[in-house]
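*Asks:* Structure for this input, please:
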Amino acid sequence: MKTLLIPVILSGSLLWAAPRVCQDARCAGSQVSASQSPVLSPGKLDQAMNPAIDTTIAVLQIHGMDCAGCASMIHHTLSKMAGVYADEVKYPGDRAVIQFDKTRIKPPQMIQAIRQLGYTATLISCTEKH
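*Replies:* Numbering: from 1, shown residues only. Below is the predicted model of the structure:
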């Protein structure tokens, strides 16, 4: 098996390094760079920013992410939940910012979905947006 090496310049010296591959079984060794972390999709962002919709924004602290692939899995799970309009999972940073309809979903349900993936999450804040 060949290992792909990428050039890295550190203190003026050219070094060769292998990209980080997550060893965590939850994300099946995905090879994703931090720059490819999930972002809000345009459709969901438009819907979330609709001033006619009252939404709530929750910020969660997530523990156990090892790479951007882990963040991508959490993002994928949250974005499919009914009532979630937009979400952004940050790695590094270990936080998720979720915009949702509080009449359709509650933070404990989102936390439970993250726990089912094998990560832990705690609610930092929850703010209503009008």
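*Asks:* other SSEs contacting the longest helix seen in the chain?
*Replies:* In the chain, taking DSSP state H as the definition, the longest helix is helix 68-79. Packing partners of helix 68-79 (3 or more C-beta pairs under 8 Å, 6 or more residues apart in numbering; DSSP states H and E): strand 84-90, strand 95-100, helix 107-116. In short, each C-beta sits where N, CA and C put it, glycine included.
*Asks:* Tell me the buried residues in that helix?
*Replies:* If you call a residue buried by 16 or more other C-beta atoms under 10 Å, then helix 68-79 has these buried ones: 68-75, 77-79.
*Asks:* Out of those residues, which is nearest to Gln112?
*Replies:* Ranked by distance to Gln112 (C-beta to C-beta), the buried residues of helix 68-79 are led by Thr77 at 10.7 Å.
*Asks:* So for Thr56, which of the helices and strands packed on helix 68-79 sits nearest?
*Replies:* strand 95-100 (5.8 Å).
*Asks:* Met110 and Met65: what is the separation?
*Replies:* Met110 is 15 Å from Met65, where distance means C-beta to C-beta, to the nearest Å.
*Asks:* ditto for Ile124
*Replies:* Taking C-beta to C-beta, one finds Ile124 at 15 Å from Met65.
*Asks:* and what of Ile98?
*Replies:* Note on Ile98: its distance to Met65, by C-beta to C-beta, is 15 Å.
*Asks:* so how many other residues sit close to the residue nearest to Ile74 when sequence neighbours are not counted?
*Replies:* Counting by C-beta to C-beta, 6 or more residues apart in numbering, Ile74 lies nearest to Val89, which is 4.8 Å off, once chain neighbours are set aside. Other residues within reach of Val89, judged by other C-beta atoms under 10 Å, total 28.
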